[in-house]
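Enquirer: here is my input; please provide its structure:
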Amino acid sequence: MLKAAAPTSTRRFRNIVGGSAGNLVEWFDWYVYSAFALYFASAFFPSGDQTAQLLSTAAVFAVGFVMRPLGAWLMGIYADHQGRKAGLTLSVTLMCAGSLLIAVAPTHAQAGLVSPAVLLAARILQGISLGGEYGSSATYLSEMAGRERRGFWSSFQYVTIIGGQLLALALLVTLQAFLSEAQLEAWGWRLAFAAGGALAVVAYVIRRRLDETLSFRSVAAQADRPKSSSRNLFRDHPREAFLVMALTAGGTAAFYAYTIYLQKFLVNTSGFDRATASRIMTVALAIMMLVQPLAGRLSDRVGRKPIMITFGVCGTLFTYPIFTTLATTRDAAAAFALVMTALIIVTGYTSINAVVKAELFPSHIRALGVALPFAIANTIFGGTAEYVALWLKAAGHERWFYVYISALIAGSLVAYVSMRETKVTSLIEED
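Expert: Numbering: from 1, shown residues only. As a prediction, this is how the structure comes out:
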């Protein structure tokens, strides 16, 4: 029996908007790295051709992902013990530190090997931050939302994830309009990381003012509540933990292939200039962002499974033809249509995966249950997607990457078909 008072509709809305705004800043800081990699790669890794430099920056990007399970473990437990609000506040603090460190990092010409070491340290901080952010944010939005619109409101996690990427690309397009290529490569990219650090300070203030969720307040009042730990997670909830990893694998690989890597694919394979590729991705991501709540709301009506199965089927069947066609496309409008098709397909995963995971676990271990299995799968399949793509391209087998993504999506499709309908069996207690 819940004894704590539920928030009013007005406060519920304010908390969801506030939590989403902080998530936007977190992901902006994370995506600035990939958006500006074409410009700062030579500053930290000066030797080799463009593909070799991008491989080096992609490797550091992947290391950030390696740290995400550690962040998910530490901060997931922290959010289950101290509160969702506390977890959100800590994660944005770490992200701020990482962004500011990159903004002032010396170049390879100035400090030699110290330069990429500083970049690596900053991404480790950001990886730990983001590892905890996903679980805390998904849990907070899912618990704060009402039962009837939980899919709709929780979809705003990916609205802000995509919004963060979009904001990073929009900043890139803006700087491209006002700065020359030489200025962007020399110092312009630093402005983006400095902006990320400043926005993180604003997000910190916002998150300090959020209300705690009813679920956490209720479980925190129990003197004998079960403890959140990785041991208890995999001992007491093994099916749910491994299900999260299974349903994440194909979704996260597709998301990073369709969003992060496609910008570089348009330049490095299709042959578009960097400015055109940035504009194509910016417009396509803006539309994708707006579609997320529509898919989330649809899941409130028809259930989560049909939405995820649609992604699994379409992703398995159409990933290969989309990439092969895009590789030979020289028309910007045609390229945009292909990119948009891929992004609409992956919306079946992005819009509702957070609420599906949150609905699987009880309150006392929900933040860890959402964060840790997701981070493990995200590290293995999402964080390495760009590196695998570039490595296969360098090896002369670029099309193998299209097959690889299709196979991962097919594997997750099996999980979507076999899982229970979480909209009906949800363990989130709020009405």
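Enquirer: so where's the longest helix in this structure?
Expert: helix 114-144 (DSSP state H).
Enquirer: just the residues contacting the helix or strand following that helix, thanks.
Expert: Helices and strands here follow DSSP states H and E; after helix 114-144, the next one along the chain is helix 150-154. Applying CB atoms under 8 Å, 6 or more residues apart in numbering, the contact partners of helix 150-154 are 16, 138, 141-142, 144-146, 293, 296-300, 304, 351-352, 354-355, 358-359, 423, 426, 428. C-betas here are computed from N, CA, C, even on glycine.
Enquirer: re earlier: buried residues in the longest helix of the chain?
Expert: 115-116, 118-119, 122-144 (16 or more other CB atoms under 10 Å).
Enquirer: among the contacts of helix 150-154, name the buried ones.
Expert: Those of those that meet the buried threshold are 16, 138, 141-142, 144-145, 293, 296, 298-300, 304, 351-352, 354-355, 358-359, 423, 426, 428, by 16+ other CB under 10 Å.
Enquirer: pLDDT on stretch 298-316, on average?
Expert: Stretch 298-316 shows a mean pLDDT of 97.
Enquirer: and if you look at stretch 339-358?
Expert: pLDDT averaged over stretch 339-358 gives 95.
Enquirer: off-centre distance for that stretch?
Expert: Centroid displacement of stretch 339-358 relative to its chain, using CA atoms, centre = their mean, to the nearest Å, is 11 Å.
Enquirer: hey, C-alpha coordinates of it in CSV?
Expert: Backbone C-alpha positions of stretch 339-358 (Å, rounded to 0.1, in the frame of the first residue of the first chain) are rendered in CSV as follows:
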residue,chain,number,x,y,z
VAL,A,339,18.2,8.3,-43.8
MET,A,340,14.7,9.2,-42.8
THR,A,341,13.5,5.7,-43.5
ALA,A,342,16.1,4.2,-41.3
LEU,A,343,15.3,6.6,-38.5
ILE,A,344,11.6,5.9,-38.6
ILE,A,345,12.3,2.2,-38.5
VAL,A,346,14.5,2.5,-35.3
THR,A,347,11.8,4.6,-33.7
GLY,A,348,10.0,1.3,-32.9
TYR,A,349,12.9,0.7,-30.4
THR,A,350,13.9,4.2,-29.3
SER,A,351,10.4,5.4,-28.4
ILE,A,352,9.5,2.8,-25.8
ASN,A,353,12.6,0.8,-24.8
ALA,A,354,13.0,2.8,-21.6
VAL,A,355,9.5,2.2,-20.3
VAL,A,356,9.6,-1.5,-21.3
LYS,A,357,12.7,-2.0,-19.1
ALA,A,358,11.4,0.0,-16.2
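Enquirer: can you pull the buried residues of that stretch?
Expert: For stretch 339-358, by 16+ other CB under 10 Å, it's 339-358.
Enquirer: among the residues you listed, name the ones in helices.
Expert: Per DSSP H, those map to helices at 339-350, 353-358.
Enquirer: which outside residues touch the host helix or strand of Trp391?
Expert: Here Trp391, judged by DSSP H and E, is contained in helix 385-394. With contact meaning CB under 8 Å, 6+ apart, helix 385-394 is reached by 34, 51-52, 54-55, 58-59, 61-62, 252-253, 256-257, 260-261, 264-265, 268-269, 398, 400-401, 404-405.
Enquirer: Thr425 reaches Glu359, doesn't it?
Expert: Yes - counting by CB atoms under 8 Å, Glu359 is a contact partner of Thr425 at 7.3 Å.
Enquirer: just give the nearest non-adjacent residue to Ala241, would you?
Expert: Pro373 (4.6 Å; CB to CB, 6 or more residues apart in numbering).
Enquirer: pretty sure that neighbour contacts Met245?
Expert: Yes - counting by CB under 8 Å, Pro373 touches Met245, with 4.7 Å between them.
Enquirer: who has more neighbours, those two?
Expert: Higher neighbour count among Pro373 and Met245: Pro373, with 29 against 19, using other CB atoms under 10 Å.
Enquirer: which residue ranges of the stretch 101-250 of the chain form helices?
Expert: With DSSP state H, counting those that start in this stretch, the ranges of helices along the stretch 101-250 of the chain come out as 108-111, 114-144, 150-154, 156-178, 181-183, 189-208, 214-220, 230-236, 238-255.
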